[in-house]
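Novice: model the following, please.
(one chain, ligands or ions: 1)
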Amino acid sequence: MRNLLAIPFIMAASLLVQASDIESLAENKCGSCHLIGEITKEKLNRMAAPPSWALAKKVKVAYPNRLDGINFIINYTLEPSEEKMLFPKETKERFGLMPSQKGALTEDEARAIAEYILDK
Ligand code: HEC
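Specialist: Residues are numbered from 1 along each chain as shown. Have a look, this model is predicted:
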């Protein structure tokens, strides 16, 4: 009985680990340009793209359906282009077009990151 009671705690703990793993994955793969996770002065200074919450907001307005939003982020991450951009022209003038991240992450990783960004 004691062991049975422990199961939900272990499951909750492993979910937490997964969530923080995805946060560090997102920071690793996208955080060099996008502001992701904990905000620090150092991160603000090297910001080279719109912050992740701005991405989430734009994507949610353009794609109210969550799955469409996730697919847009995956697609843009692998094949960015000016025609696909949701942000205005000024964003590209300020930061340049996002370089493709193809090869830097798997599609599964891109999906996990897309979900993480939309949930923030
Ligand atoms: C080398 C810098 C860099 C990295 C790394 C990077 N991005 Fe970007 N990203 C940009 C820039 C610059 C923009 C703004 C211009 C644009 O939209 O292309 C942008 C824009 C975006 C947009 C919005 C596109 C639009 O205008 O609709 C999404 C979504 C996005 N990035 C997702 C990601 C994800 C997810 C990752 C990590 C897997 C990532 N980016 C990694 C530079 C980067």
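Novice: and P50, what does it touch?
Specialist: H34, K58, F87, T91, F95 (C-beta atoms under 8 Å, 6 or more residues apart in numbering). Where C-beta positions appear, they are placed from N, C-alpha and C, glycine not excepted.
Novice: tell me how far G37 lies from I22.
Specialist: Distance check for G37 against I22: by C-beta to C-beta, to the nearest Å, it reads 10 Å.
Novice: the worst-scoring helix or strand of the chain on mean pLDDT: how far from the chain's middle?
Specialist: Lowest by mean pLDDT, DSSP states H and E among the helices and strands of the chain is helix 2-30, with a mean of 80. Relative to its chain's centre, helix 2-30 lies at 18 Å (C-alpha atoms, centre = their mean, to the nearest Å).
Novice: one more: stretch 57-72?
Specialist: Worked out by C-alpha atoms, centre = their mean, stretch 57-72 lies 12 Å from the chain centre.
Novice: list the buried residues in stretch 19-27.
Specialist: Within stretch 19-27, the residues scored as buried using 16 or more other C-beta atoms under 10 Å are I22, E23, L25, A26, E27.
Novice: how about S81, nearest residue that isn't a chain neighbour?
Specialist: L97 (7.5 Å; C-beta to C-beta, 6 or more residues apart in numbering).
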